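any chance you could fold what I've pasted below:
(2 chains)
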Amino acid sequence: MRHARDLSRREFLVRAGGTAAAVPTLSAILDACSKPGASVSGSEALQIARPDNPVTLPMNGEPIATDTPIEQGATIQILNWSVYMWKYVINQFIQQYSDNGIKFSGISTFNNMDEGVQKLQSGKIQADVFFPTIDVLGKLVAADLLQPLNHDLIPALAQDNWAAFQNPYYDQGWRYSVPYTIYTTGIGYRRDQIPDEQIHGMDNPWSILWDPTYKGRVGVYPSYRDVMAIALMKNGITDLNTGNDADLEKVRTDLLAMIDATSPRIAYDASYNKLQNDKFSVTTAWSGDVVAGWSYAAPYTEAAYKGFGYWFPADRKGPIDNDLIAIPKNAPHPRLAHEFINFWISFRHAMDNFSWNGYQPPQTKADINTLTQTEGLYSKQSSSWAAPADYVAPWMPDAVVRESDFGIGYREGPLPPDVDDHWHQIWSEFTAGVGS
Amino acid sequence: MSVPSEAEPVRRRLRRSHRATEEGIHYSRWFWPSFTIPASLWLAVLFILPLYTVVSIAFGTVDPIFRGPLPVYEPWWWSGKQFGRVLDESFGLYRHVYIHTFEYVVIASALCLVLAYTVAYYVARYGGKRKTLLLALLIAPFFISYLMRMLAWINLLDTEGYVNKILTFLHLVPHPIDWLSGRPSTVIMGLVYGYIPYMILPLYAFLDRIDANLLEAGRDLGAGPARTFFRVTLPLSRPGILAALVIVSLPMMGDYYTNNLLSGSPHTTMLGNLIDDAYGSTGQGPRAAVYVLILMVLLIIPMLYYLRSTARSLLTR
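Next up, the predicted model:
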């Protein structure tokens, strides 16, 4: 059931203009003929969530009733990042609800959060479940694009998931979101070229991305927040949301110096493909990418699996984050969406999905020993792998995220617009090779 | 070839009108112009309105919540702040990006021309009965998407790819070359490979239409093959060369994918990459739109030159 809403000016402009080059109707153009921003509201009320400034998001309506029946014959609609969900596990869900005639036809995907939000906003995709990042959660609620969750229908959160996520700082009382995956941002490296002892013995391992020894073999993500966060960490600056000009100038200087020092290349698959296939020696890396990397390490031999590693500070003081699952306001099957979320964050299914995508769920039963000593379902299922591949390779315990990390690590949160523009300016200079 | 007198168009019009009257056909004065209506509507809807939206974004603002581009359609509310900032950067911080782009496009277009001209010349002059087959082979790359063709080159240019295998086998290089490590030469090669089919076809179309009698006349007057080519074929194919250069160099100027796939290095960033980066960044939509407008202005210059040259060659015909 779609919730009817009036089209505000802001919504119209975003839909009609934006990047879609859609042709607006005359009446909509006339509606828009007032001073830009004059009727915009909501942005003033937007609070920037930080661990030391937790945010309780406003309730936009009530959650669905607990006795709402499961929609019969529904096709579950999923809007998610590409390559982030194992279809095998989705089919398990479909099987479990076969009595209700539930179907699955495919996942609608996006390549970055802006694209995902745009798809949600445009209404072209009416998703039952959406996978936002923390920085857009408050904005989605302010724009009335999400619906509150019924906690009674998602008991798996309390049963199976870490206490840290029962009342997260970005969504006090988890009104709109549950955690999907957790990850750290560190350094991926080729163990045959950079022994474990070498990187762990360095005074400042973040600086390895600037080491000319690896010139032409350094990869960085096309993600301004994460790469700049690493530059901040290299300089010992732990506020990963800093707007301080002096801090950002250090980042700028360092990033431009990196171009000359190591000729980095910008690649999405830096740490889950190019590192494994020896195109890069060292990369910026999300722990989940490196953990999943074994299935990209052709020719799928044990030696190939052992060829790469992951470094994160031993004191666990580094960038850490988590992604979310939420239900859009216009979800066609909200009850089914609750069932799906509960299924997805329950222990068995969360772990099966983890075995495929490499991104760890915050499961209480999944401690570091379990994860580094247990073969995952994805590895078990295929005869072409050099099995067994554990959830996390035993030689990279740094890639396992612990619950305590969320009290120690540094979070990337939303930035105020002027600060965000400053960050973008620096990133733009880096990608344009200014001064190189 | 004689330059037509000013009276000639009038005579032609009279002749046409006379014939139409003789045949008993009378057209209203709007009959022929009305043929342009579909194309005009097409342009208005699919070009002018989107272009106006881009201008409205460039001079507009961003959504205060999601920071997506917020076009301002009313010119009286436009802000030139973003435009001024991007222009400043274009002449300062990012000047080298414009220079790179210009260099890559000029070199790639020149290489395309040399390669495409020889191929098109061969097919047009010596294709004989195999012309159709050769043309089909020339069109064949169009059946594979540009992206797929570039992805294929990633494998070919890999340090363990066939290009390096052949080069090292022939002892042309002592060690495999890391072509994908952010080399301008690789980007230029990618541009040449990606766009060359678009140059061969128009060149072939022009060369094939050159009257063989003119070439024979050149030879009869004592010119050798080379002189005939440089004095007859090449001047006659000049409009085709210009058209082909415009067809490939304009999209090359805005290309970003070739660079992303074959380099990914900040060293080889092109103007298209600046647009792509800004377009994909939260809050940077107006900036991307300004770059698009700058690129448009830059592209108008060769386009005007082409139109002027074409008009002049029509006059002298």
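
pLDDT weak spots in the chain?
No chain in the question, so chain A it is. Residues of chain A meeting the criterion pLDDT under 70: A:1-45, A:387.

wait, I meant chain B there
Within chain B, the segments meeting pLDDT under 70 span B:1-24, B:316-317.

please enumerate the helices of the stretch 201-317 of chain B.
With DSSP state H, counting those that start in this stretch, the ranges of helices along the stretch 201-317 of chain B come out as B:212-220, B:225-228, B:234-236, B:238-254, B:257-262, B:271-279, B:285-316.

now the phi/psi pair for the most centrally placed residue in chain A, please.
Nearest to the geometric centre of chain A sits residue A:323, at 4.4 Å (C-alpha atoms, centre = their mean). Dihedral pair for residue A:323: phi -100, psi 170, per degrees, to the nearest 10.

show me what contacts it?
Remark: with contacts taken as C-beta atoms under 8 Å, 6 or more residues apart in numbering or on different chains, residue A:323 is in contact with A:131-134, A:179-181, A:359. C-betas here are computed from N, CA, C, even on glycine.

what about it, distance to chain B?
As defined by C-beta to the nearest C-beta, to the nearest Å, residue A:323 lies at a distance of 17 Å from chain B.

give me the nearest residue to that residue, chain neighbours excluded.
residue A:180 (4.6 Å; C-beta to C-beta, 6 or more residues apart in numbering or on different chains).

residues in contact with residue B:55?
Applying C-beta under 8 Å, 6+ apart, one finds that residue B:55 lies in contact with B:289, B:293.

what strand or helix carries it?
Following DSSP states H and E, the helix or strand that holds residue B:55 is helix B:49-58.

and the next element down the chain from that helix?
Going down the chain from helix B:49-58, the next helix or strand is strand B:61-62, by DSSP H and E.

distance from that next one to the middle of the chain?
32 Å (C-alpha atoms, centre = their mean, to the nearest Å).

mean neighbour count added to the helices of the stretch 201-317 of chain B, as CSV?
As requested, the helices of the stretch 201-317 of chain B are exported to CSV (neighbours: other C-beta atoms under 10 Å in any protein chain shown):
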stretch, mean neighbour count
helix B:212-220, 12
helix B:225-228, 13
helix B:234-236, 14
helix B:238-254, 20
helix B:257-262, 23
helix B:271-279, 23
helix B:285-316, 16
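
quick one: which of those is nearest residue A:376?
Between residue A:376 and the helices of the stretch 201-317 of chain B, the shortest separation by C-beta to C-beta is 31.8 Å, and it involves helix B:257-262.

for the closest one, packing partners?
Packed against helix B:257-262 by the contact rule (3 or more C-beta pairs under 8 Å, 6 or more residues apart in numbering or on different chains; DSSP states H and E) you find helix B:146-157, helix B:184-209, helix B:271-279.

residues making contact with it?
Among residues not part of helix B:257-262, those counted as contacts by C-beta under 8 Å, 6+ apart are B:146-147, B:150-151, B:153-154, B:157, B:179-180, B:186-187, B:189-191, B:194, B:268-270, B:272-273, B:276.

re the thing from before, in three-state terms, label the residue nearest to residue A:323 for me.
Classification of residue A:180 using DSSP: H, G, I helix; E, B strand; the rest coil returns strand.

separation between it and residue A:256?
35 Å (C-beta to C-beta, to the nearest Å).

per-domain residue ranges of chain B.
Under the assignment automatic domain parsing, the domains of chain B span B:37-79, B:95-315.

off-centre distance for the last one?
For domain B:95-315, the distance between its averaged C-alpha position and the chain's averaged C-alpha position is 8 Å (C-alpha atoms, centre = their mean).

ends of it, how far apart?
End-to-end distance for domain B:95-315: 39 Å, by C-alpha to C-alpha, to the nearest Å.

picking that back up, list the beta-bridge partners for the residue nearest to the centre of chain A.
residue A:133 (DSSP bridges).

quick check: phi and psi on residue A:112?
Residue A:112 has phi and psi values of phi -150, psi 170 when expressed as degrees, to the nearest 10.

next, the contact list for it, please.
residue B:280 are the contacts of residue A:112 under C-beta under 8 Å, 6+ apart.

residue A:310 too?
By C-beta under 8 Å, 6+ apart, the contact list for residue A:310 reads A:186-189, A:285, A:287, A:290-291, A:396, A:398-399.

quick check: the gap between it and residue A:181.
As it turns out, when the distance is counted by C-beta to C-beta, residue A:310 lies 16 Å from residue A:181.

just residue B:278 next, same as before
To residue A:181, residue B:278 is 29 Å away according to C-beta to C-beta.

then residue A:359?
According to C-beta to C-beta, residue A:359 stands 4 Å off from residue A:181.

identify the contacts common to the two.
Shared contacts of residue A:359 and residue A:181, defined by C-beta under 8 Å, 6+ apart, comprise A:288, A:323.

mind listing what's buried in stretch A:87-99?
Of all the residues in stretch A:87-99, those buried under the rule 16 or more other C-beta atoms under 10 Å in any protein chain shown are A:89-90, A:92-94, A:97.

for chain B, what are the nearby residues on the stretch 151-300 of chain A?
For the stretch 151-300 of chain A, the residues in contact with chain B (C-beta under 8 Å from any C-beta of the partner chain) are A:216, A:224, A:259, A:263-267, A:279.

and the helix or strand containing residue A:351, what does it pack onto?
Assigned by DSSP H and E, residue A:351 belongs to helix A:347-357. In this structure, helix A:347-357 packs against helix A:87-96, helix A:156-160, helix A:287-292, helix A:334-344, helix A:377-381, with contacts taken as 3+ C-beta pairs under 8 Å, 6+ apart.

in it, what counts as buried?
Buried residues in helix A:347-357, defined by neighbour count with 16+ other C-beta under 10 Å: A:347, A:349-357.

quick one: distance of that helix to the chain centre.
16 Å.

any idea how far apart the tips of stretch A:187-205 sit?
With C-alpha to C-alpha as the measure, what separates the two termini of stretch A:187-205 is 8 Å.

which residues are contacting that stretch?
Residues outside stretch A:187-205 that contact it (C-beta under 8 Å, 6+ apart): A:206, A:208-209, A:214, A:234, A:270-271, A:275, A:278, A:280-285, A:289-290, A:293, A:306-314, A:395.

7 Å - rerun?
Counting by C-beta atoms under 7 Å, 6 or more residues apart in numbering or on different chains, stretch A:187-205 makes contact with A:208, A:234, A:271, A:275, A:278, A:281-283, A:285, A:290, A:306-311, all of which sit outside it.

right, and the pair among the residues you listed with maximum separation?
The farthest-apart pair in these, when distances are taken by C-beta to C-beta, is A:234 and A:306, at 27.5 Å.

who has more neighbours out of these two?
When residue A:234 and residue A:306 are compared for neighbours, residue A:234 comes out ahead with 19 against 16, by other C-beta atoms under 10 Å in any protein chain shown.

ok, and the closest non-adjacent residue to the more buried one?
residue A:206 (3.9 Å).

also residue A:433?
Looking at residue A:433 with C-beta to C-beta, 6+ apart, the closest residue is residue B:266, at 3.4 Å.

relative to residue B:147, how far out is that neighbour?
Plainly put, residue B:266 is 22 Å away from residue B:147 if you go by C-beta to C-beta.

cool, and residue A:367?
The spacing between residue A:367 and residue B:147, counted by C-beta to C-beta, is 43 Å.

tell me how far the ends of stretch A:308-321 are from each other?
Stretch A:308-321 has an end-to-end distance of 22 Å (C-alpha to C-alpha).

now do the contacts for the closest residue in space to residue A:147 that isn't next to it in sequence.
The shortest distance from residue A:147 to any non-neighbouring residue, by C-beta to C-beta, 6+ apart, is to residue A:329 (4.8 Å). Contacts were defined as C-beta under 7 Å, 6+ apart; by that measure residue A:329 touches A:3, A:144-147.
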